[in-house]
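Asks: Structural data only, the sequence is not supplied:
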Ligand SMILES: Cc1cc2nc3c(=O)[nH]c(=O)nc-3n(C[C@H](O)[C@H](O)[C@H](O)COP(=O)(O)OP(=O)(O)OC[C@H]3O[C@@H](n4cnc5c(N)ncnc54)[C@H](O)[C@@H]3O)c2cc1C
């Protein structure tokens with residue numbers, strides 16, 4: 001089994017013009033288009049492959065405030081409400097539920113870190129509950145193990161990555177937007193220095209505003225216009241087991257293994273933070289900027305393969321607008337799952353959760369997580385290309401904050417009061433500080 005994904009039927013015709021064109025139909029582009037359509041703007045959402053086909057359907061589905069960096073926490077909190085609001089307003093299912101997230105540990109230093117975060121969280125009215133050994137054993141009884149402690153965040157939750165982005169894209173259409181799959185954006189045109197059109201493989205759309213929500217492809221797209229957006233991708237692998245493993249917690253993190261109950265009753269298993277770094281010329285180009293991030297996570301990262309070069313998402317080449325681009329040669333980034341990671345994940349899962357022993361392994365897949373040097377997304381208009389708004393680099397946390405990010409981007413585009421302070425996200429920070437404070441993952 002690969003990552004599951006609901007289908008979306010595309011709109012019939014590419015419009016000749018739009019108020020806003022959104023490039024990339026992951027969770028970020030879909031929610032951006034949705035909030036723009038709700039405001040009555042004429043919006044076209046363009047996706048080179050399938051809505052949700054890349055990172056947005058390959059993740060664990062966690063929507064968390066727990067352990068979030070202070071810069072992202074306000075957006076994470078708003079997003080939880082917006083996930084609920086979306087379900088109330090639309091006849092679409094994203095699978096979102098506030099099931100609570102459970103973290104367990106036997107490491108004093110880790111527990112002390114969580115306690116420090118808890119103090120900060122309480123100061124901004126976020127609910128999180130430190131667990132002593134007895135409480136941790138009770139919450140984590142399915143593990144059959146003793147724990148020194150843990151933390152439980154009752155208001156956090158999960159949504160279903162196989163359904164969320166498609167559900168939001170369908171709601172966007174119902175609200176008057178159009179959605180076009182198999183429609184790669186090759187480039188942009190400008191008039192008098194401002195964006196004037198978006199050029200796709202199927203024709204061009206006149207517009208004065210485009211949102212680049214292209215995930216792992218954003219930096220190479222920016223490069224076509226001399227915009228420097230430092231971005232690196234890390235290949236992360238997850239595996240799935242069949243339903244029926246009994247009452248395991250809906251979402252559990254430990255340093256050894258993380259498990260998430262999917263809406264089909266099966267579990268997604270992964271080792272948190274573990275990934276492969278596939279070398280590319282782009283990685284080399286931005287390597288000094290990413291040094292602090294890689295230093296911080298080196299224990300979990302291993303060198304990868306030449307797959308990143310073959311995929312083309314980090315290509316340094318220039319594209320022509322009248323010829324197929326790397327995006328058309330790679331409709332859906334579907335990187336190879338790491339077999340060593342699968343073996344390790346499975347071994348740990350069996351040692352850890354005896355109830356998983358009899359469950360069949362139903363699949364494994366990988367995704368390229370697109371990161372910025374400080375682990376916080378880049379959201380904001382690009383000064384050198386007025387009309388182009390960047391929204392990428394969600395660094396392993398973009399699914400849960402998708403609604404808040406989409407709302408904020410729609411606010412920026414339509415000039416509404418911003419949902420949260422947009423300043424911490426502005427991509428200009430990559431110019432002024434090479435080494436920002438790296439976010440906790
Ligand atoms: C294994 C794994 C686990 C994760 N777990 C979590 C989690 O539990 N919680 C969480 O919050 N986050 C998690 N994440 C991160 C999360 O999935 C991402 O941050 C989020 O999905 C990013 O969304 P996006 O819309 O920016 O990118 P994507 O989903 O990658 O979408 C970008 C889209 O743009 C399209 N595109 C690019 N260029 C063009 C172009 N020129 N023209 C047309 N289309 C284009 C692509 O085809 C793609 O579909 C995880 C990620 C992975 C891989």
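Replies: Sure, I can see it. Everything quoted here is computed from the prediction, not taken from an experiment. Residues are numbered from 1 along each chain as shown.
Asks: so how far is stretch 209-216 from its chain's centroid?
Replies: 13 Å (Cα atoms, centre = their mean, to the nearest Å).
Asks: That stretch near the ligand at all?
Replies: Yes. Against the ligand, stretch 209-216 shows contacts by Cβ under 6 Å from any ligand atom at 213-216. In short, each C-beta sits where N, CA and C put it, glycine included.
Asks: could I get those residues as a markdown table with distance to residue 407?
Replies: Formatted as a markdown table, those follow (distance: Cβ to Cβ, whole Å):
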| residue | distance to residue 407 |
| --- | --- |
| 213 | 13 |
| 214 | 19 |
| 215 | 19 |
| 216 | 23 |
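Asks: Name the member of the residues you listed with the most neighbours.
Replies: Neighbour count (other Cβ atoms under 10 Å) singles out residue 213 as the most crowded of the residues of stretch 209-216 next to the ligand, with 33 neighbours.
Asks: which one is that residue nearest to, not counting chain neighbours?
Replies: residue 29 (3.5 Å; Cβ to Cβ, 6 or more residues apart in numbering).
Asks: now do residue 317
Replies: Of all residues not flanking residue 317 in the chain, residue 326 sits nearest, at 7.6 Å (Cβ to Cβ, 6+ apart).
Asks: sorry, back to before: elements contacting the helix or strand hosting the residue nearest to residue 213?
Replies: Residue 29 is part of helix 27-38 when elements are defined by DSSP states H and E. Applying 3 or more Cβ pairs under 8 Å, 6 or more residues apart in numbering; DSSP states H and E, we find helix 27-38 packed against strand 20-23, strand 43-46, helix 55-58, helix 164-174, strand 388-392, helix 402-414.
Asks: same thing but at 7 Å, please
Replies: For helix 27-38, the elements it packs on are strand 20-23, strand 43-46, helix 164-174, helix 402-414, judged by 3 or more Cβ pairs under 7 Å, 6 or more residues apart in numbering; DSSP states H and E.
Asks: Close to the ligand: what parts of the chain are there?
Replies: By Cβ under 6 Å from any ligand atom, the part of the chain that sits against the ligand consists of 23-29, 46-49, 53-56, 58-62, 184-185, 213-217, 221, 236, 238, 327, 367, 369, 392, 394, 396-400.
Asks: got the contact list for residue 246?
Replies: Contacts for residue 246 (Cβ atoms under 7 Å, 6 or more residues apart in numbering) come out as residue 355.
Asks: circling back to that earlier point, contact partners for the residue nearest to residue 213?
Replies: Each residue near residue 29 by Cβ under 7 Å, 6+ apart is listed here: 22-23, 45, 211, 213.
Asks: One more pass at 6 Å, please.
Replies: Residue 29 sits next to 22, 45, 213 when contact means Cβ atoms under 6 Å, 6 or more residues apart in numbering.
Asks: Spatially nearest residue to the second one (excluding sequence neighbours)?
Replies: If I follow you right, that is residue 45. residue 33 (4.0 Å).
Asks: Give me the below-cutoff pLDDT ranges for the stretch 301-441 of the chain.
Replies: Within the stretch 301-441 of the chain, the ranges that satisfy pLDDT under 70 run 433-436, 440-441.
Asks: ok, now with 50
Replies: Along the stretch 301-441 of the chain, segments meeting pLDDT under 50 span 441.
Asks: what about the helices in the stretch 101-250 of the chain?
Replies: Under the criterion DSSP state H, counting those that start in this stretch, helices of the stretch 101-250 of the chain are mapped to 108-123, 133-139, 164-174, 218-223.
Asks: likewise the stretch 251-400 of the chain?
Replies: In the stretch 251-400 of the chain, the helices defined using DSSP H, counting those that start in this stretch lie at 281-285, 287-297, 307-311, 326-329, 339-352.
Asks: so what's the residue nearest to residue 45 up against?
Replies: Residues in contact with residue 33 (Cβ under 6 Å, 6+ apart) are 22, 43, 45, 172, 177.
Asks: what about residue 90, how many residues close to it?
Replies: By the criterion of other Cβ under 10 Å, residue 90 has 18 neighbours.
Asks: Touching, residue 10 and residue 178? I think so.
Replies: No. Contact criterion Cβ atoms under 6 Å: residue 10 and residue 178 do not qualify, at 8.3 Å.
Asks: Contacts only, for the residue in the stretch 151-300 of the chain that the ligand sits nearest to.
Replies: Per Cβ to the nearest ligand atom, residue 215 is where the stretch 151-300 of the chain lies closest to the ligand, at 2.6 Å. Counting by Cβ under 6 Å, 6+ apart, residue 215 touches 26, 54-55, 370.
Asks: pretty sure residue 267 is touching residue 259, no?
Replies: Yes. Counting by Cβ under 6 Å, residue 267 touches residue 259, with 5.1 Å between them.
Asks: burial of residue 301, as a residue count?
Replies: When neighbours are defined as other Cβ under 10 Å, residue 301 has 17 of them.
Asks: Check whether it really touches residue 277, as I assumed.
Replies: Yes. Assessed by Cβ under 6 Å, residue 301 is found in contact with residue 277 at 5.5 Å.
Asks: Around the closest residue to residue 382 other than its chain neighbours, how many other residues sit close by?
Replies: Nearest non-adjacent residue to residue 382, counting by Cβ to Cβ, 6+ apart: residue 388, 4.8 Å away. By other Cβ under 10 Å, the residues close to residue 388 number 23.
Asks: about what we covered before: want to throw the contacts of residue 33 into a markdown table with neighbour count?
Replies: Below are the contacts of residue 33 laid out as a markdown table (neighbours: other Cβ atoms under 10 Å):
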| residue | neighbour count |
| --- | --- |
| 22 | 37 |
| 43 | 30 |
| 45 | 34 |
| 172 | 31 |
| 177 | 25 |
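Asks: Specify which member of those is nearest to residue 73.
Replies: Nearest to residue 73 among these is residue 22, at 25.6 Å by Cβ to Cβ.
Asks: Could you measure from the closest one over to residue 382?
Replies: As judged by Cβ to Cβ, to the nearest Å, residue 22 and residue 382 stand 15 Å apart.
Asks: How about residue 332?
Replies: Distance, residue 332 to residue 382, by Cβ to Cβ: 26 Å.
Asks: ok, those two, which is more surrounded?
Replies: The neighbour comparison of residue 332 against residue 382 (other Cβ under 10 Å) goes to residue 382, with 20 against 13.
Asks: is it true that the more buried one touches residue 392?
Replies: No. Between residue 382 and residue 392 there is no contact under Cβ under 6 Å: 11.5 Å.
Asks: for the closest residue to the ligand within the stretch 1-150 of the chain, what are its contacts?
Replies: Residue of the stretch 1-150 of the chain nearest the ligand, by Cβ to the nearest ligand atom: residue 26 (2.2 Å). Applying Cβ under 6 Å, 6+ apart, we find residue 26 in contact with 56, 215.
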